[in-house]
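Colleague: prediction below, plus the sequence it came from.
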Number of protein chains: 2
Amino acid sequence: MSIVAVGAVAYDTIETPHGTVTRALGGSLTYFALAARFFGPVSIVAAIGDDFREEDRQLLIERGIDTRGLVRRPGKTFYWHGRYHEDMNVRDSVTTDLGVFADFMPELLSDQRRADFVFLANISPRLQEHVLSQVLSPRIVAADTIKFWIENDRAGFIRLMPRFHILTVNDEEARLLAGEHNLVKAGKAILKMGARIALIKRGEYGVLQFSPDSIFAVPAWPLEEVVDPTGAGDAFAAGVMGWLARCGRINESILRVAVIYGSVMGSFVVEKFSIERLLGLTWQDIESRYRAFIELTDSHHSRWMSQ
Amino acid sequence: MSIVAVGAVAYDTIETPHGTVTRALGGSLTYFALAARFFGPVSIVAAIGDDFREEDRQLLIERGIDTRGLVRRPGKTFYWHGRYHEDMNVRDSVTTDLGVFADFMPELLSDQRRADFVFLANISPRLQEHVLSQVLSPRIVAADTIKFWIENDRAGFIRLMPRFHILTVNDEEARLLAGEHNLVKAGKAILKMGARIALIKRGEYGVLQFSPDSIFAVPAWPLEEVVDPTGAGDAFAAGVMGWLARCGRINESILRVAVIYGSVMGSFVVEKFSIERLLGLTWQDIESRYRAFIELTDSHHSRWMSQ
C-alpha cells in the first residue's frame, strides 16, 4: 500500500569529522522517501524554491517516488547547515532557513487523501495537522518531531498526539516531551499522552519500542565507522513504515520486524555522506543486513543449536 | 561444576543520588559470589582484615558459598568509597584503600586447583596471574579488570590476555585497552590481543559480545529506576559464568544464553543499595526475568505470531 509523506525537501551543508558536503540534496522527507521506496510506493508532499535543481527532482522520479506533490514556490528551498562534533551524537545547527517551507500549507491530491499510511516528518505541528486533516481514514499515522517544535509549539504537538499510531523521537526529544529523564518512564508517559506506539531512537544504542502491552529493545547495528549521522532517523521511520505498508496491517509481530527494518535502513544511511548510501543501495543489501541483524540479536540461536 | 573466584571482599561506602550506605559488605568478589551461587557452587579466594565482621562471613556461608579461601590477615579489610553523579554512568572513587589486599598472594586449596571454571575479578594482574597459575587445567577462565590496572600494569594485563576465554570490560575500559574509540573496532582488537571472547558492558545500553565469528548485541533490561549501580558488572559476570558452569561447557548458543543471564543478574543488583537485592532474590525471580528478557528482545516474536 502507498505511503503519503510530508516533510522537508532541502539543501544541506553537513560538516562531520570525516568531511563536508555543501548544498547537497537532503531534508527529512528526501531521506524518508529514498529509504521507503524500497518497500513500496511513496508519494511525497513538500515545497521547493526557485533554486531547486531539476536534476534533484529527476533523481527522486527515477527511483519511483511520486513527486506530484513536490510543488515549486517563489523563494528559497529549505536550507540546513549542520555541524557534528567529534562525538557525532552531538550536533549544532549552524543555519536553519525554512525558505518556502515557512508558510507552506499544501492541498493533498485526491488519491493522497485516500492514503492508508501517512508519515509526518519533523515539520511544524501546524503543518502536520493541516496534512493529516485532509487524509480521510488513514490506517497508520506515524510522526516524527524535533526539540524545536516541542519547545516552540508544545501545545500544538500534544494536541496531535492522540492521532498518531506511531511516534518516533530520539532520547533527548522523548525526555523533553515527557518531562521524564528515565527513558522507560518517558516512553510510558508518551503512550499516556495519546500515541499508540512510541519508538525511542538512541542512535548507536538502538531503539526502544513501547507498545501498550510490551517493550521491545533493539540494539543498533554495530558499525566500525559512522561517516554522517544525518537522516538516520528518517530512514529508520522509512523502514518501519515501509514494512508496515508492505504488510498492509500492524500487530506486535509485524511491528517488531518493522522496527528491525527501520534499524537496518538507519544503519546504511550513516555509512556515507548525505543520501549517497541510499542511492547505491539494493534490496539485496537490505535483506542481507536484515538477516545479519536477526543473527546479531538472536537469543534463540537456532543457527547455533546444532554446534 | 564449581567456580573458583578471586577478587575483593570489601567494605563499601556508596553515595548515589538516592542515598548513602556506610561500610556495607561489598567488593567485586562478594557481588560475584552472591549472584553466582544461584547457578551452582562457588568457592572464593580473598583476604579480609581484623575489622571484618564475623556476621558477614556467616552471611556468605549461609548462602552456600565456600569461604575456606577467605583468609584473615593482620590489617584492614579493603575499603572503597564511591560517589555517583546525577548521571549514574559516572562515578568518582573518593577512597580506595587496598588494606590486606595490597600484598595478598594466596595459595589455593587442593580442590580449588582442580577447578574447571575460574573467575578473576578486577584485582591486580599480578594477583590474577598468581591465582590462575595454580589452577591445573581450567576449562573456562573469565576475567574482569578496571581502568586503574590497564593504566598501571598494562603489560602485565596484556600478557595474561591469551589465557582468558572471556574478558569482561566496560566501554571505557575496552577503548582504553584497545586504543580504539569505536567499540566494534575495540572489541575486535581485544580478540586479537588474545582473549577468546570479549564482553563489553555498556550499562543502561546493554552488552556487546565479540566471539571469533560473530557479534551478539543485547540491550539492557529497561529499568524505571536505578538506585545503586555498584556491583552490576560483577553480577553480570556471575550470571555468565554461573550459566556456563551449570552447562559444563561452552558454545555460541550457550554463551548467548549466559550473557542474557548475566544481564538479568546485573539488572537486579542496581535496583537496591549495595548487595541488598541479591540477598532478597530467588531463583524464581531470575527465571521470571530471564523469560521477560527473551520477550523484550525477541525478534522471532513466536508469542505474537498467532495474533
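Modeller: Sure, I can see it.

Colleague: the stretch 201-307 of chain A: strands as residue ranges?
Modeller: A:207-210, A:215-218 (DSSP state E, counting those that start in this stretch).

Colleague: what's the closest non-adjacent residue to the most centrally placed residue in chain A?
Modeller: Centroid-nearest residue in chain A, with CA atoms, centre = their mean: residue A:234, separated by 2.2 Å. Excluding the flanking residues, the one nearest residue A:234 by CB to CB, 6 or more residues apart in numbering or on different chains is residue A:31, at 3.7 Å. All C-beta spots, glycine's among them, are computed from the backbone N, C-alpha and C.

Colleague: thinking the one you found is in contact with residue A:269, fair?
Modeller: Yes - using CB atoms under 8 Å, residue A:31 makes contact with residue A:269 at a distance of 6.7 Å.

Colleague: higher neighbour count, these two?
Modeller: Neighbour count, other CB atoms under 10 Å in any protein chain shown: between residue A:31 and residue A:269, residue A:31 has more, with 32 against 29.

Colleague: can you check what pLDDT the model gives that one?
Modeller: At residue A:31, the model reports a pLDDT of 98.

Colleague: which bits of the stretch 51-200 of chain A sit near chain B?
Modeller: Residues of the stretch 51-200 of chain A found near chain B (CB under 8 Å from any CB of the partner chain) are A:182-185.

Colleague: from the residues you listed, which single one is nearest chain B?
Modeller: In terms of CB to the nearest CB, no member of those lies closer to chain B than residue A:184, at 4.4 Å.

Colleague: any idea how far the helix or strand hosting that closest one is from the chain center?
Modeller: Residue A:184 is part of helix A:183-192 when elements are defined by DSSP states H and E. Here the centre of helix A:183-192 is set off from its chain's centre by 20 Å, with CA atoms, centre = their mean, to the nearest Å.

Colleague: buried residues in that helix?
Modeller: Residues of helix A:183-192 classed as buried: A:183-191 (neighbour count, 16 or more other CB atoms under 10 Å in any protein chain shown).

Colleague: for stretch A:134-151, same thing?
Modeller: By neighbour count with 16+ other CB under 10 Å, stretch A:134-151 contains the buried residues A:134-135, A:138, A:140-146, A:149-150.

Colleague: TSV for those residues, including distance to residue A:207, pLDDT and secondary structure?
Modeller: Below are these laid out as TSV (distance: CB to CB, whole Å; pLDDT from 0 to 100; DSSP: H, G, I helix; E, B strand; the rest coil):
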residue	distance to residue A:207	pLDDT	secondary structure
A:134	30	98	coil
A:135	26	98	coil
A:138	23	97	coil
A:140	18	97	strand
A:141	19	98	strand
A:142	14	98	strand
A:143	16	98	strand
A:144	13	98	strand
A:145	16	97	coil
A:146	17	95	coil
A:149	21	95	helix
A:150	19	97	helix
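
Colleague: and which of these is nearest chain B?
Modeller: Of all the buried residues of stretch A:134-151, residue A:140 has the smallest distance to chain B: 16.3 Å, by CB to the nearest CB.

Colleague: relative to residue B:88, which of the strands of the stretch 201-307 of chain A is closest?
Modeller: When these are compared by CB to CB, strand A:207-210 sits nearest residue B:88, at 18.3 Å.

Colleague: quick one: list the elements packing against the closest one.
Modeller: When contacts are defined as 3 or more CB pairs under 8 Å, 6 or more residues apart in numbering or on different chains; DSSP states H and E, strand A:207-210 sits against helix A:183-192, strand A:197-201, strand A:215-218, helix A:252-269.

Colleague: I'd like these laid out as a markdown table, including mean pLDDT and distance to residue B:286.
Modeller: Formatted as a markdown table, these follow (pLDDT from 0 to 100; distance: least, CB to CB, whole Å):
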| stretch | mean pLDDT | distance to residue B:286 |
| --- | --- | --- |
| helix A:183-192 | 97 | 20 |
| strand A:197-201 | 98 | 27 |
| strand A:215-218 | 97 | 19 |
| helix A:252-269 | 97 | 25 |
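
Colleague: out of these, deepest packed?
Modeller: Sort the helices and strands packed on strand A:207-210 by mean neighbour count, taking mean count of other CB atoms under 10 Å in any protein chain shown, and strand A:197-201 sits at the top with a mean of 26.

Colleague: list the pairing partners of that one within its sheet, with orientation.
Modeller: strand A:166-170 (parallel), strand A:207-210 (antiparallel) (DSSP bridges).

Colleague: and stretch A:275-292, how far apart are its ends?
Modeller: Start-to-end span of stretch A:275-292 (CA to CA, to the nearest Å) is 23 Å.

Colleague: what do you get for stretch A:208-228?
Modeller: End-to-end span of stretch A:208-228 (CA to CA): 22 Å.

Colleague: for that stretch, list every residue counted as buried.
Modeller: Buried residues in stretch A:208-228 (16+ other CB under 10 Å): A:208-211, A:214-223, A:226-228.

Colleague: I'd like the average pLDDT over the helix or strand hosting residue A:112.
Modeller: Take DSSP H and E as the rule and residue A:112 turns out to sit in helix A:110-113. For helix A:110-113, mean pLDDT rounds to 98.
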